[in-house]
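1. Return a 3D structure for these sequence lines:
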Amino acid sequence: MAASTPNPEGTSPVTDAALAPALPKCRICGHEAHWLGDHLTETHGISVSEYLTAYPGSPTASQDLMDAFDATSGSRVRRSLPPAPDSLSVSVYDIPLAVHCDVPVDVCLPSPLAFRLPQHGKLARDEGEAVIAFSMGRITYIHGVPGSGKDALYHYLSALTRTPAIIFNVEPGADIQSWFFSRAFDKDGTAWEEGEMLKALRDGYTTTTGKVIPYIILITDFDRATKSQAEAMRLVMDSISGRVKGPGGVTYNVMPGTRIVVTANTAGGGDSRGRMISANVIDGSIMDRFDRKFEFHWMDWRDEEPIVREKFPLLVERTPQVFAMVGKATAALRQAIHNDDLYAEFSHRAVCSWLGHAQDIIRVTGTVPNNLLKRAARAFLDGMPDPDTRAAAKTLIDPHLKGGAIDHGDTSHISDDSLEDGW
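-> Residues are numbered from 1 along each chain as shown. Take a look at the predicted model:
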């Protein structure tokens, strides 16, 4: 029987239960508990943050529980309320970017594997300027050598800030107009069907809480566009008001705040290096409509090495010396390419091909051959455009792979005929 407190004559006794502080109550089903976190996960399949997004300010822990935590912590804990969902932000290169926690992950671009923001060299400066433009919602043209992280940066920003995004790839012969409208059939005959880009540009993304978030529109390989394909984007990037012109003269406005980002290998003047033969010249008046234009350079090895170490853990475990050698070889190849002494490309993808095949050799054979890097180099060398270029690339990297730094393993299963001058 519950104890009661003394009460004046003629009044009802006050029980301990009545004096007990109320427990937090689940706004979904009414369940009460000192801590609602476990209940939300097990019963409703949502996290506390998702619950608070739907029911801002709702208590999730009782005062008794918080007092008990304070007592066991040895000192009184100062608490501050978490920021409201609408004020969440994250800092990128010391630039605050809003985070939309109510946007599902599957409508954002996925973050690249082992992605890291560059902190050294030219690419760190390139991306820092691009993030400033991103924070202000500027229409941006990014160009640079293959593998310099042009698209990767915007995948990362979309995933990090939970900003809805759609990626479009320009291909020769592709019907870009269908991104906006296309012919369809219904019960009444032919009709116009709205395309994915039109809906994203005009409507944005509506969250479950009713908030509308403008999209990131990422268009890759824009310098592959023909004249007519590029023209399709002219009105969208208008400096007065972005618009999409539909069938029958109907015009739709681009939602303010929409981030349009275009990436390419060339600066809009066509192929100047002789390696991007499908790149076209882009009309100067269209190029002029981009608010910002930035060139991206290759990543500094100080930034690239931690990424490849994370991607290839078996090499870290069995033969970590390879990373220093590959770093020096990479610098030699890229300098020669930059100086136009080597007619080739050597992107981050090529580095991953080299190290990836080295890891595969170890995993499949169980050994670390004494010529591991030279064997694995075929994964990118055989893709060089001609024998002379392959020979020049071998000459550049060979000094950095000698010295017997790699652990010796059993190479008896490899015939001498399979190696060319030690390669």
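2. Does the residue nearest to Glu345 when sequence neighbours are not counted belong to a helix, a strand or coil?
-> Once flanking residues are discounted, Glu345 sits nearest to Pro146: 5.3 Å by C-beta to C-beta, 6 or more residues apart in numbering. (Each C-beta comes from the backbone N, C-alpha and C, glycine too.) Under DSSP: H, G, I helix; E, B strand; the rest coil, the three-state class of Pro146 is coil.
3. Please tell me I have it right and Pro146 contacts Arg349.
-> Yes. Judged on C-beta atoms under 8 Å, Pro146 makes contact with Arg349 at a distance of 7.4 Å.
4. Name the spans of the stretch 1-150 of the chain whose pLDDT lies under the cut-off.
-> Scanning the stretch 1-150 of the chain with the threshold set as pLDDT under 70 gives 1-21, 70-83, 85.
5. do the stretch 301-423 of the chain as well
-> Applying pLDDT under 70 to the stretch 301-423 of the chain picks out residues 402-423.
6. Could you check the strand or helix carrying Thr389 and say which residues are buried?
-> Using DSSP states H and E, Thr389 sits in helix 387-397. Going by neighbour count (16 or more other C-beta atoms under 10 Å), the buried part of helix 387-397 is Arg390, Ala392, Ala393, Lys394, Leu396, Ile397.
7. now stretch 110-121
-> Pro112, Phe115, Leu117, Pro118, Gly121.
8. I'd like those residues written out as JSON lines, with distance to Cys26 and secondary structure added.
-> Rendered in JSON lines, the data for these read as follows (distance: C-beta to C-beta, whole Å; DSSP: H, G, I helix; E, B strand; the rest coil):
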{"residue": "Pro112", "distance to Cys26": "38", "secondary structure": "coil"}
{"residue": "Phe115", "distance to Cys26": "37", "secondary structure": "coil"}
{"residue": "Leu117", "distance to Cys26": "39", "secondary structure": "coil"}
{"residue": "Pro118", "distance to Cys26": "45", "secondary structure": "coil"}
{"residue": "Gly121", "distance to Cys26": "52", "secondary structure": "helix"}
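9. which among these gets closest to Glu196?
-> Closest approach between the buried residues of stretch 110-121 and Glu196, by C-beta to C-beta: Pro112, at 22.5 Å.
10. which ones are touching the nearest residue to Ser278 once chain neighbours are set aside?
-> Among residues not flanking Ser278 along the chain, Arg224 sits closest, at 5.3 Å (C-beta to C-beta, 6+ apart). Arg224 is in contact with Val170, Glu171, Pro172, Ala264, Ser278, Ala279, Asn280, counting by C-beta atoms under 8 Å, 6 or more residues apart in numbering.
11. hmm, which of those are the buried ones?
-> By 16+ other C-beta under 10 Å, these give Val170, Ala264, Ala279, Asn280 as buried.
12. For Asp151, state which of these is nearest.
-> Set against Asp151, the nearest of these by C-beta to C-beta is Ala264 (10.6 Å).
13. Tell me which helix or strand comes right after the helix or strand hosting Trp192.
-> Taking DSSP H and E as the definition, one finds Trp192 inside strand 189-194. Once the chain leaves strand 189-194, the next helix or strand it forms, by DSSP H and E, is helix 196-203.
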